[in-house]
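Asker: how would this look folded up:
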Amino acid sequence: MDKETVRSKFLERYKEILSSITESIEGNKKRAWDSPGANVSHSDTNKFSLSNLALAQSRQLGDLREVISSLGRLQANSQDKVYLGAVFELTDILTKKRKMYYLVTSSGGEEITIDGVKVVSISVAAPLAQACLGKEVGDEISINQMHCEISDVH
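Answerer: So this is what the prediction gives:
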């Protein structure tokens, strides 16, 4: 699988998410501003909830901006070990099921499909990513009842 294609597809996906969340934040801020306060409705729960939602989304925006920035800087150079920006495949030792991952700084969990192959972004902070960092093809990892072999690294 071409690593540059994976990088550019995830970059597109994260930019779409960033745009969507930005629109949502603006809508939530407006709804929070327009919601009646406690002196009008005897409760400002809606205003409080919408404000908290907008705040949480703002934090998520920061994470997305970091990922987009790092994806823009990553080079498509090839290495034999799992590192930030690597596309790697894990094969479950028992079931032989294979799964492709793309290692990003944060905001993992997004999925894209390229040529019929699903690739999932995974944050370097994720336990699975931590177990894979620095490993090479043929190395085995065990985490949470899962036993896998690193079967490919790009």
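
Asker: in the chain, which residue is closest to the centre?
Answerer: residue 108 (1.9 Å; CA atoms, centre = their mean).

Asker: contacting residues for that one?
Answerer: Applying CB atoms under 8 Å, 6 or more residues apart in numbering, one finds that residue 108 lies in contact with 120, 121, 122, 123, 126, 129. C-beta here means a position set from N, CA and C on the backbone, and glycine is covered the same way.

Asker: Can you tell me which of those has the most neighbours?
Answerer: With neighbours set by other CB atoms under 10 Å, the maximum within the contacts of residue 108 is found at residue 121, which has 23 neighbours.

Asker: Which helix or strand contains that residue?
Answerer: Mapping residue 121 onto the secondary structure by DSSP states H and E places it in strand 117-123.

Asker: excluding its backbone neighbours, what's nearest residue 72?
Answerer: The shortest distance from residue 72 to any residue that is not its chain neighbour, by CB to CB, 6 or more residues apart in numbering, is 6.9 Å, and that residue is residue 11.

Asker: List the contacts of the one you found.
Answerer: Under the contact definition (CB under 8 Å, 6+ apart), the residues listed for residue 11 are 68, 71, 72.

Asker: before we move on, back to that, relative to the strand holding residue 121, what are the paired strands and their orientations?
Answerer: Each strand paired with strand 117-123, and its direction, by DSSP bridges: strand 98-104 (parallel), strand 111-114 (antiparallel).
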